[in-house]
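A.B. asks: how would this look folded up:
(3 chains)
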Amino acid sequence: MNIFDLSGLNHPQRQAAETIDGPVLILAGAGSGKTRTITYRIAHMVTNLQIPSENILAVSFTNKAAMEMRERTKALLKNTNSTGLTLATFHSLGVRILRSEITKLGYSRFFSIYDTSDQLSIVREALRRYKSGKSYDRKQILSKIGLLKNNGISEVDFSSSPFFDHEEPNDLATEYVYHYYQNKLRFYNAIDFDDILFLTLKLFRENNDIARKYSKRFKYIMVDEYQDTNHLQFELILFLTSTHDNLCVVGDDDQAIYSFRGADISNILDFEKNFKKAKVIKLEENYRSTENILNLANRVIKENKKRKPKTLWSRKKTDSIPYLWKMADPEHESQIVIEEIKKAGQSGHPLHEMAILYRSNQQAVPFEDQLRMADIPYTVIGGQKFYEKKEVKDLMAYLMAILNPNDELSLRRILNIPNRGIGNVTLKKYLDESQQNKMSLFSAMEKNPAIDRNREKHIRTFVTLIRKYQGVFKNSPLPEAVARFIDEIDYMSFVEKQYDNAKQIDMRKKDVLSFVESAERFFNFKQKEATLENFVEKVLLQDSQDKKDESDDADAATGVQLLTLHSSKGLEFNTVYLVGVEEELLPHKRTIVQGEDISEERRLCYVGITRARDRLVMSYCCKRKMYGQEITRHKSRFLTGFEEDNMYIEQNREAMDHLTGEEKEQFKKNFFDNLLKSLD
DNA sequence: GGTTATTATTTTTTT
DNA sequence: AATAATAACC
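C.D. replies: Reported below is the predicted structural model:
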């Protein structure tokens, strides 16, 4: 029998890995070897304790974290059969459960999943019907609906819940919209992201046997990033542990950064209250950052009041101190940072060990420009989602309509793409027809294609197309079916017609091709399970299970890494450039105006600092364009008030503070020499 | 039915 | 500044 060796763990880590039965809370500070501990724990359970891998469930928050865990576990268990192991995000687990059980809630198993833009268009429709002189903010109403769902409140319960204020016009509008919205979704056989958790919970509540079934299957449950779980997720965990109490949660209250999504930090703070006899294990030794970086991080986070007491420490001593660079504007900022990265790259530092972290996605733009100009490879993590690109969305809408013709939103999107002579007027006629006969738009078209004699042929062709491809997708391999479909509707010609500039066309076509490639990879990876519904789900949940294959041939993981502070959680790099550390950006303007929860912004800053192993450079700009206007900016409050402690060195890069007088003269001379040369 | 011009609105973070 | 929604046009 194989023995899995746990001696590579320190004492508390080992204790965490060996405490298998009963509730366990692992308070894991930044860089304390959290993932290592979890993966070793799993390996210990499977190899040493002979626990069948299908009884183990590990849930994490983001796909990236899930993938990292998956790979590291796989590496530890390479000689053992661990295929039954379930490593998932809450959402992917939810979809998996709903796929096999959702009929009990009156949906068909081929439900569509709607993203934010789909949601917004239904809200817009609802608001148009909700006539009341005043106009409402769609986004505000949608986020209220999200808040309600994340607190387990259905459209029926809203008006009698504490979330409802009958004197607040926005709530009255939300009340109407919420009903309208849910009715539409049910009619379309569609669910939104929040429904994935909401409906899974509903399913468990109404069918205790199903909840017990899953609880019996998952006898050992681990939840990563527990500080970022919300109320729904907490209740799901309660159901999953209804037949046992083998629950191990891992988290760090200092890294709670998802409250905007309903995350409730009291889940972790009250764990010992909610789960009696819970063992608490603290991991406080940081293996990642140098002492100086860690000291700065501790200094920044210290200002937050409501924290679990802990002292992170590191053995890594160095002389180098974090920098704060003062820049003129974002162009200057990106220029200086990229120059620096270029030099580091030339002297042998691997590019993928350097990361640029920022608060909001749009900050990436000037850095991308500079990197492209300097011909340095880079990867932007997150940003515009693959499925948010117009062409991908079109194709996805087709796939969803083929899967679920009741999905009116998808159907309407692609009805006239490419142009097939079914415009708004015809659509209107069929919408009326569908409403009158209480049938879906697609059924209306199929049952009565001749409402308008002139359009009959077009309608028939469209209905036949969808029906035909339902068969094709059933009977041929996914990538073949996708390619054949794109060919049949001559989508590439349509793309060509849409744009006049050749470069644009080229890029859009590439998106279409990578969509096909992604289907191919999915097929190679999943084989028999590469069904249409699984593929659609994968794209929508941004689940990159097949990422490994991707990086094998495309070197996706190389190059400088560009990502938001949010998506940086759980990752680490040798060098971190934390850019835009300014008031109104970090902390973000929105949180300052609302006058609330600045502590979360501070945690965000803390997360950024603690990503760095050896070198940390922060920067801020003196001016920045916003709403098309130039605005003066200031250093973030998170770095003010302790300048004399020398925890970081501030340099004015505009005034070349980092150079000696002699170097400055040399620089100026070189600058003018180069200028003269370029004039020749 | 489709295209273009004008106006209004927008900027946080992710599943 | 850039984009989406609406109105006016062909």
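A.B. asks: make it CA atoms for all contacts and neighbour counts henceforth
C.D. replies: Noted.
A.B. asks: what pLDDT does the closest residue to residue A:335 other than its chain neighbours get?
C.D. replies: Leaving aside its chain neighbours, residue A:335 sits nearest to residue A:370 (6.3 Å; criterion: CA to CA, 6 or more residues apart in numbering). You'll see residue A:370 listed with a pLDDT of 90.
A.B. asks: wait, what's in contact with residue A:370?
C.D. replies: Residue A:370 makes contact with A:334-335, A:338, according to CA atoms under 8 Å, 6 or more residues apart in numbering.
A.B. asks: Could you check how many residues crowd around the residue of the stretch 101-250 of chain A found nearest DNA strand B?
C.D. replies: Here the residue of the stretch 101-250 of chain A nearest DNA strand B is residue A:193; by CA to the nearest atom of the strand that distance is 4.9 Å. When neighbours are counted by other CA atoms under 10 Å, residue A:193 registers 17.
A.B. asks: Make sure it is actually in contact with residue A:118.
C.D. replies: No. Using CA atoms under 8 Å, residue A:193 is not in contact with residue A:118, being 11.0 Å away.
A.B. asks: Buried ones in stretch A:430-442, by neighbour count?
C.D. replies: A:430-431, A:433-434, A:439-442 (16 or more other CA atoms under 10 Å).
A.B. asks: Which member of those is positioned nearest DNA strand B?
C.D. replies: The closest of the buried residues of stretch A:430-442, once distances to DNA strand B are taken by CA to the nearest atom of the strand, is residue A:430, at 10.6 Å.
A.B. asks: In a helix, that closest one, correct?
C.D. replies: Yes. Residue A:430 sits within a helix when classified using DSSP: H, G, I helix; E, B strand; the rest coil.
A.B. asks: from memory it sits against residue A:446, does it?
C.D. replies: No. Residue A:430 is not in contact with residue A:446 according to CA under 8 Å; the separation is 10.4 Å.
A.B. asks: any idea how far the closest residue to residue A:540 other than its chain neighbours is from DNA strand B?
C.D. replies: In this structure, residue A:540 finds its nearest non-sequential neighbour in residue A:387, 6.8 Å apart by CA to CA, 6+ apart. Applying CA to the nearest atom of the strand, to the nearest Å, the value for residue A:387 to DNA strand B is 11 Å.
A.B. asks: show me what contacts residue A:387?
C.D. replies: A:393, A:396, A:539-540.
A.B. asks: where in the stretch 551-680 of chain A is pLDDT low?
C.D. replies: Within the stretch 551-680 of chain A, the stretches with pLDDT under 70 are A:551-557, A:594-596, A:657-661, A:664, A:667, A:671, A:674-675, A:677-680.
A.B. asks: Quick check, pLDDT for the closest residue to residue A:558 other than its chain neighbours.
C.D. replies: Residue nearest to residue A:558 in three dimensions, not counting chain neighbours: residue A:352, with 5.1 Å by CA to CA, 6+ apart. Looking at residue A:352, its pLDDT stands at 91.
A.B. asks: count of neighbours near residue A:352?
C.D. replies: 20.
A.B. asks: Contact partners for it?
C.D. replies: A:378, A:557-561, A:573.
A.B. asks: okay, the residue of the stretch 351-500 of chain A found nearest DNA strand C: pLDDT?
C.D. replies: Sorted by distance to DNA strand C under CA to the nearest atom of the strand, the residues of the stretch 351-500 of chain A start with residue A:390, at 9.0 Å. We note a pLDDT of 81 for residue A:390 in this prediction.
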